[in-house]
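with the sequence up front, the predicted model follows.
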Amino acid sequence: MDVSTLTSLLHEAEEHHGKYEANSAPHAWPDWYAAFIVAREQGRTPEQAYDDAVQHLEGGK
């Protein structure tokens with residue numbers, strides 16, 4: 001992955017994480033970001049990546 005792609009994915013994760021963080025218990029944001037970015041790299045839509053990240057934190061995926 002190149003720097004430009006990672007930067008874009010980090011910005012996208014930041015936008016989506018804000019929605020999750022507003023209604024969640026304290027958590028380690030790097031775990032959420034990592035799950036989101038991996039899902040996006042695997043071709044998941046932003047909405048699917050959001051769900052995957054939530055599942056990762058809440059369900060231990």
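Perfect, thanks for sending it. Numbering: from 1, shown residues only.

ok, then the element right after the longest helix along the chain?
Identified as the longest helix of the chain according to DSSP state H is helix 3-21. Sequence-wise, the next helix or strand downstream of helix 3-21 (DSSP states H and E) is helix 29-41.

in this protein, where is pLDDT below threshold?
In the predicted model of the chain, residues 61 satisfy pLDDT under 70.

which residue is nearest the centroid of it?
Closest to where the C-alpha atoms of the chain average out (C-alpha atoms, centre = their mean) is residue 36, at 2.5 Å.

and it, what does it touch?
Going by C-beta atoms under 8 Å, 6 or more residues apart in numbering, residue 36 touches 9, 12-13, 16-17, 49-50, 52-53. C-betas here are computed from N, CA, C, even on glycine.

let's go with 6 Å and repeat that
Applying C-beta atoms under 6 Å, 6 or more residues apart in numbering to residue 36 gives the contacts 13, 49, 53.

what do you get for residue 44?
Taking C-beta under 6 Å, 6+ apart, we find residue 44 in contact with no residue.

roughly how far does residue 17 sit from residue 23?
As judged by C-beta to C-beta, to the nearest Å, residue 17 and residue 23 stand 12 Å apart.

again but with residue 41, I slipped
Residue 41 sits 26 Å away from residue 23, going by C-beta to C-beta.

can you list contacts of the longest helix of the chain?
Residues from elsewhere that reach helix 3-21 (C-beta under 6 Å, 6+ apart): 32-33, 36-37, 40, 50.

with distance to residue 59 added, can I get those in a markdown table?
Below are the contacts of helix 3-21 laid out as a markdown table (distance: C-beta to C-beta, whole Å):
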| residue | distance to residue 59 |
| --- | --- |
| 32 | 13 |
| 33 | 17 |
| 36 | 15 |
| 37 | 18 |
| 40 | 19 |
| 50 | 14 |
